[in-house]
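Engineer: Quick one, what's the 3D model for this:
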Amino acid sequence: MKYSKDDILALDRIDKLKLINSVTGIKPANLIGTINSKGQTNLAIFTSVVHLGSDPALLGFIARPRTSEVGHTFKNIQEIKQYTINHIPEAFVENAHYTSAKFKANVSEFEACNLTEEYLEGYNAPFVKESNFKMAMCFKEAIDIKRNNTMLVIGEIEHIILPDTALVASDINLEATNSIGISGLNTYYSLKKIANFPHARVSEVPSFKI
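Structural biologist: Model (predicted):
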């Protein structure tokens, strides 16, 4: 099967969303937790969280602040300057999926989707208690992407919380955290560790057979 640009443009809107959201393969699925100055919490699933650097420890995600469906997350981050990123384990993947519904600003997805708010002393933004792997983030900057009216939201990791069994010699075993991935808009995958290789050096590259 082959799709040209014209074929893609001719697709139904939902079919196009599903296709193009799947072409990168399995992506991380995370719940981003925020709170505003009135104490109203928000929780939304994002599939665009990406590593930007290790020193400082920066992560980014793509937001659409000019549209109502995800505006609550970015507005809260702008206001409080803090947010959390929570991995999604298989145990509550359905609850997490439905945080993508367009709830009103005064409705907390924590309550609507039966997930539990959890707080770290001295930190305002809510974590997802049921998550095995979570991070406290401090907002640093947002970069406009004019081509499609989105922005890259950049934050620095302030705290990492994960099971003891998931960390071996600084390597995180995502299978041990039961974290899941997503393809497209609504198809979820479990993760299985298949290999672990040493740091790649030219002098140590194996003699691969063609």
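Engineer: This structure: helices as residue ranges?
Structural biologist: 5-10, 13-22, 68-80, 93-97, 109-112 (DSSP state H).
Engineer: What residues sit buried inside the fourth one?
Structural biologist: What that stands for is helix 93-97. Buried residues in helix 93-97, counting neighbours by 16 or more other Cβ atoms under 10 Å, are found at 93, 95-97. Just so you know, the C-beta spots here come from the backbone N, C-alpha and C atoms, and that holds for glycine as well.
Engineer: a markdown table for these, including distance to residue 12?
Structural biologist: Output for the buried residues of helix 93-97, formatted as a markdown table (distance: Cβ to Cβ, whole Å):
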| residue | distance to residue 12 |
| --- | --- |
| 93 | 26 |
| 95 | 28 |
| 96 | 26 |
| 97 | 21 |
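Engineer: out of those residues, which one sits closest to residue 28?
Structural biologist: Distance to residue 28 across the buried residues of helix 93-97 (Cβ to Cβ) is lowest for residue 96, with 12.2 Å.
Engineer: of the helices of the chain, which approaches residue 179 most closely?
Structural biologist: helix 93-97 (10.4 Å).
Engineer: center of the chain, which residue is that?
Structural biologist: Residue closest to the mean C-alpha point of the chain, counted by Cα atoms, centre = their mean, is residue 30 at 3.3 Å.
Engineer: Just the pLDDT at it, thanks.
Structural biologist: Per-residue confidence (pLDDT) for residue 30: 97.
Engineer: which regions of this protein lie under the pLDDT threshold?
Structural biologist: Within the chain, the ranges that satisfy pLDDT under 70 run 65-70.
Engineer: Out of the buried residues of helix 93-97, which comes closest to residue 3?
Structural biologist: Of the buried residues of helix 93-97, the one sitting nearest to residue 3 (Cβ to Cβ) turns out to be residue 97, at 26.6 Å.
Engineer: thought the closest one was touching residue 43?
Structural biologist: No. The criterion here is Cβ atoms under 8 Å, and residue 97 misses it with residue 43 at 11.9 Å.
Engineer: residues bridging contact with those two, i.e. touching both?
Structural biologist: Here residue 97 and residue 43 have no joint contacts, going by Cβ atoms under 8 Å, 6 or more residues apart in numbering.
Engineer: Okay, the residue nearest to the centre of the chain and residue 135: tell me how far apart.
Structural biologist: In this view, residue 30 and residue 135 are 9 Å apart by Cβ to Cβ, to the nearest Å.
Engineer: cool, and residue 91?
Structural biologist: 19 Å.
Engineer: now swap in residue 124 and tell me
Structural biologist: 15 Å.
Engineer: Comparing the two, which shows the higher neighbour count?
Structural biologist: A side-by-side neighbour count of residue 124 and residue 135, using other Cβ atoms under 10 Å, places residue 135 first with 22 against 17.
Engineer: The residue nearest to the more buried one when sequence neighbours are not counted: neighbour count?
Structural biologist: Among residues not flanking residue 135 along the chain, residue 85 sits closest, at 4.6 Å (Cβ to Cβ, 6 or more residues apart in numbering). Using other Cβ under 10 Å, residue 85 is surrounded by 25 other residues.
Engineer: and residue 85, what is it in contact with?
Structural biologist: Going by Cβ under 8 Å, 6+ apart, the list of residues near residue 85 reads 30-32, 49, 59, 61, 134-135, 137.
Engineer: Appreciated, that's everything.
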